[in-house]
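Participant: build me a structure from this.
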Amino acid sequence: MKKVFVFCIGGTGIRVMKSITMLMASGMSTNGYTVVPVILDPHLDLEEKKNLHTLFGSYQDIYKKSTQGGGGSLNHLDGFFNSEIITINELNNQLNDTQQATGANERFRSYINEANIAAHDINKYFIQTLFSTKNLDSPLSVGFKGNPNVGTVVLGEMIEGADWFKAFKQHCEKGDRIFIISSIFGGTGASGYPLLEKKIRNADSQPAVKNALMGAVTVLPYYGLKDPSTTGSDIDSANFYTKTKAALAYYEKTVKSDYLYYAGETSLIQVYENDEKKQDDKAHFIELVAASALFDFLQREKPETQQFLTRAIEDAKNSLDLVSLGAGYKDIVKCVADYKLLSAFINTLPKETFFPLSKNRGFNECFYKDAAFLALQRFTKIYDSWYQELSTNKRAFAPLNTESLKNMEGWVKTISLDAKDDSYYLLKMIQASNANKEKDHNNKFRFFLQFAHEAINYYTKKILK
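Facilitator: Here you go, the predicted model:
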């Protein structure tokens, strides 16, 4: 099993990993790599971190249910849910959360033991020079509030002594890869990426870790926050670009990832609530772009020199479709279009009384009430919400027309598909079933995903032309 360890640092890392999971569910290939996500965020009670772990569990449940049959494990499917996710806990055969130690319930001044330094000690003045009173009074359990000077001190120790870091070094083998996701305009991501990379590259006693092919995506500013003078927040997005320039100057001389991807907006056209506790931001197009970097990285070989990559859109419209996105996004549009079609079938097929496969393949009332299909339904509800957020955010990723199953030629904006309505896809599902004579398993759920993807792909492959 070849693995890619995906380190998701801070809130942006968490949101990008959500998009990665959605693209994997949609059929985007990881080139045979098992994805091992590792979440690095000191915010102990962050809801979206908990939601991401729940999402992993839902994905894994569906993947396992689609790869079981014939008394053993089956190869992964070619379409939906075609790649495996394993958490660092499972890889280490641990039930406890190895990442819990990433957070701390204390203030920064307590963490550095500032109270025990004498008032006239030169180190006291040194601390006051490096850190403001707000820095020193900041609780570590809610992150570093856009202060990489704090994050650099805390994360260095947290990484080195963490169970997850030990587990990673133990299980990273020759041929495995490393990918790091972070923002550059905050505190946790900006400080966490170079620190983590340095500790990996300095693992002299573990050559497989030290020499692993490494990629990273650094997310530049892509949203603003409401005026901190009205919200009482310590974070001011007016400083995002200044912080980014300073961090980029540092990165230029220090970071050594084999591939470094950049993703960001040209202006902060979306403004979120400045709520440090909830951080309840909606899914954003830039997070989707950053997610695509992982899949690109997994297709590449080791370069002779460090490579820097980014991607652009064809036309900077506020709502993006296949044309304004440009040819480079066709694979993403196709994957999302495919899953949204699957979502439509998940909602309509349980009501299709006369669908022949309800008898021929057992896609009947019992099948739709089975744990596997119910798990798929739950995951799909989250997926639908994710796409809804993407398609209504600023800038919007909105390449689909999903309102009606009776006029589906325009399912993908700016292109006409040959399937006029859902009956075309259902007929292709029947044909896929008739052509399949496999006897090595009787996994109805696997057949459902397989036939649905074959039917959908028959029409949506036109998007890639």
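Participant: most distant residue from the middle of the chain?
Facilitator: Most distant from the centre of the chain: H120, at 48.1 Å, with distances by C-alpha atoms, centre = their mean.
Participant: measure it to I127 for me?
Facilitator: 13 Å (C-beta to C-beta, to the nearest Å). Quick note: C-beta positions are derived from backbone N, CA and C, even for glycine.
Participant: three-state assignment of the residue farthest from the centre of the chain?
Facilitator: On the three-state scheme (DSSP: H, G, I helix; E, B strand; the rest coil), H120 is labelled coil.
Participant: give me the pLDDT for it.
Facilitator: Per-residue pLDDT puts H120 at 76.
Participant: from R109, how far out is it?
Facilitator: 17 Å.
Participant: equivalent analysis for K461, please.
Facilitator: From K461 to R109 the distance is 59 Å (C-beta to C-beta).
Participant: same drill for these two, tell me which one is more crowded.
Facilitator: Neighbours per residue, other C-beta atoms under 10 Å: of K461 and R109, the larger number sits with R109, 17 against 12.
Participant: looking at this, that one is in a helix?
Facilitator: Yes: judged by three-state DSSP, R109 forms part of a helix.
Participant: what distance do you get for it to G161?
Facilitator: Counting by C-beta to C-beta, the gap from R109 to G161 is 20 Å.
Participant: what do you get for Y387?
Facilitator: 40 Å.
Participant: next, M214: secondary structure please.
Facilitator: Applying three-state DSSP: M214 is strand.
Participant: next: the one 3 residues further on.
Facilitator: Assigned by three-state DSSP, the conformation of V217 is strand.
Participant: and it, what is it in contact with?
Facilitator: The neighbours of V217, taking C-beta atoms under 8 Å, 6 or more residues apart in numbering as the test, are 16, 179-182, 260-263, 290, 293-294.
Participant: pLDDT below threshold where in the stretch 151-300 of the chain?
Facilitator: 151-157, 186-187, 227-238, 273-280 (pLDDT under 70).
Participant: which residues of it fall in helices?
Facilitator: 163-171, 188-201, 207-210, 228-231, 240-254, 285-297 (DSSP state H, counting those that start in this stretch).
Participant: adding mean neighbour count and distance to T21, write those out as JSON lines.
Facilitator: Converted to JSON lines, these look like this (neighbours: other C-beta atoms under 10 Å; distance: least, C-beta to C-beta, whole Å):
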{"stretch": "helix 163-171", "mean neighbour count": "19", "distance to T21": "19"}
{"stretch": "helix 188-201", "mean neighbour count": "24", "distance to T21": "19"}
{"stretch": "helix 207-210", "mean neighbour count": "15", "distance to T21": "25"}
{"stretch": "helix 228-231", "mean neighbour count": "11", "distance to T21": "31"}
{"stretch": "helix 240-254", "mean neighbour count": "14", "distance to T21": "26"}
{"stretch": "helix 285-297", "mean neighbour count": "24", "distance to T21": "9"}
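Participant: what's the closest of these to T353?
Facilitator: Among those, helix 285-297 comes nearest to T353, with 37.8 Å by C-beta to C-beta.
Participant: who's Y262 bridged to?
Facilitator: When bridges are called by DSSP bridges, Y262 pairs up with T218.
Participant: right, and it touches A216 too?
Facilitator: No: using C-beta atoms under 8 Å, Y262 makes no contact with A216, being 9.8 Å away.
Participant: and those two? Which one has more around it.
Facilitator: A216 (26 against 18).
Participant: list the contacts of that one.
Facilitator: 179-182, 193, 197, 255, 257, 259-261.
Participant: redo that, cut-off 6 Å
Facilitator: 180, 257, 260 (C-beta atoms under 6 Å, 6 or more residues apart in numbering).
Participant: against K243, how distant is the closest residue to the first one other than its chain neighbours?
Facilitator: Leaving aside its chain neighbours, I180 sits nearest to A216 (4.1 Å; criterion: C-beta to C-beta, 6 or more residues apart in numbering). Taking C-beta to C-beta as the measure, A216 and K243 are separated by 18 Å.
Participant: can you check I430 too?
Facilitator: 57 Å.
Participant: if we can go back for a sec, for K351, which of the helices of the stretch 151-300 of the chain is the nearest?
Facilitator: Comparing those by their distance to K351 (C-beta to C-beta), the top pick is helix 285-297, with 31.7 Å.
Participant: hang on, the earlier thing: more neighbours, Y387 and G161?
Facilitator: Taking neighbours as other C-beta under 10 Å, Y387 and G161 compare with Y387 leading, 21 against 10.
Participant: quickly find the element holding the more buried one.
Facilitator: Y387 belongs to helix 371-392 when assigned by DSSP states H and E.
Participant: same question for Y63.
Facilitator: helix 47-66.
Participant: could you tell me how far that helix lies from the centre of the chain?
Facilitator: Taking C-alpha atoms, centre = their mean, to the nearest Å, one finds the center of helix 47-66 at 12 Å from the center of the full chain.
Participant: what packs against it?
Facilitator: If you count contacts as 3 or more C-beta pairs under 6 Å, 6 or more residues apart in numbering; DSSP states H and E, helix 47-66 packs onto helix 10-26, helix 371-392, helix 444-460.
Participant: the same query, at a cut-off of 7 Å, please.
Facilitator: With contacts defined as 3 or more C-beta pairs under 7 Å, 6 or more residues apart in numbering; DSSP states H and E, the packing partners of helix 47-66 are helix 10-26, strand 34-40, helix 371-392, helix 444-460.
Participant: tilt between the shortest one and helix 10-26?
Facilitator: Just to be clear, that refers to strand 34-40. Between strand 34-40 and helix 10-26, the angle comes out at 160 degrees (axes from the mean of the first three to the mean of the last three C-alpha atoms, to 10 degrees).
Participant: thanks a lot, see you next time.
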